[in-house]
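Enquirer: build me a model:
(one chain, ligands or ions: 2)
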Amino acid sequence: MKKIEHIGIAVKNLENSNELFAKLLGTASFKTETVESEGVKTSFFKLGTHKIELLEATNEDSAIAKFIAKKGEGIHHIAFDVDDIEAEVKRLTDEGFVVLNEIPKKGADNKLVVFLHPKTTNGVLIELCQEISLKE
Ligand SMILES: CC[C@@H](C(=O)O)C(=O)SCCNC(=O)CCNC(=O)[C@H](O)C(C)(C)COP(=O)(O)OP(=O)(O)OC[C@H]1O[C@@H](n2cnc3c(N)ncnc32)[C@H](O)[C@@H]1OP(=O)(O)O
Ligand SMILES: [Co+2]
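Expert: Numbering: from 1, shown residues only. Ligands and ions are numbered 1, 2, ... in the order given. The predicted structure follows:
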């Protein structure tokens with residue numbers, strides 16, 4: 001794994017949290033994107049080479065809606081940048097981690113993503129992500 005790509009934060013209202021994080025970080029969100037397959041609306045802030053991803057649920061079955069109902073707003077996942085997501089899936093599976101989707105899926109911000117179950121990673125949901133252009 002190369003670096004932390006982003007930290008995902010579950011929020012109830014993206015518009016309000018966008019304003020709050022813009023004030024907090026002193027910089028505006030550079031992108032908002034809805035990923036229907038994940039049931040989320042996202043907003044990204046850049047901090048050096050890292051990002052903060054705010055996530056609001058778009059439906060009640062979304063992982064974000066369930067998370068907020070159980071734990072409230074807050075840090076939802078940590079995403080790591082990888083060069084070869086399929087090789088990382090194999091390496092981590094061989095190490096005994098539970099991969100939630102072995103086939104990488106399309107995430108936000110031009111990435112392929114894979115999640116690891118938080119039960120096998122000390123209660124922290126881990127996302128692996130790879131820039132799509134590197135795959136082609
Ligand atoms: C925009 C796309 C992408 C990107 O490009 O960046 C994203 O970031 S999408 C983010 C949203 N999508 C996901 O999170 C997909 C992966 N997550 C899942 O598949 C599920 O959320 C899950 C982790 C398998 C949990 O789902 P489920 O079992 O249906 O939910 P429960 O509410 O029953 O939770 C079971 C258990 O797991 C704990 N949990 C749930 N979410 C988290 C979390 N984010 N961090 C830590 N722990 C989590 C939950 O508290 C339950 O624990 P117990 O109560 O102790 O059983
Ligand atoms: Co994410």
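Enquirer: so which bits of whichever helix or strand residue 20 is part of are buried?
Expert: Per DSSP states H and E: residue 20 is located in helix 14-25. For helix 14-25, the neighbour count (16 or more other C-beta atoms under 10 Å) marks 14, 17, 18, 21 as buried. Every residue, glycine included, has its C-beta placed from N, CA and C.
Enquirer: ok, residue 132 touching residue 111?
Expert: Yes: under the criterion of C-beta atoms under 8 Å, residue 132 makes contact with residue 111 at 6.4 Å.
Enquirer: which of the two has more neighbours?
Expert: Using other C-beta atoms under 10 Å as the criterion, residue 132 and residue 111 rank with residue 111 on top: 21 against 14.
Enquirer: contacting residues for that one?
Expert: 5, 129, 130, 131, 132 (C-beta atoms under 8 Å, 6 or more residues apart in numbering).
Enquirer: near ligand 1, which residues of the protein?
Expert: In this structure, the chain approaches ligand 1 at residues 8, 35, 38, 40, 42, 53, 55, 63-64, 66-67, 70, 76-77, 79, 100, 107-108, 111, 113, 115, 117-118, 123, 125, 127, judged by C-beta under 6 Å from any ligand atom.
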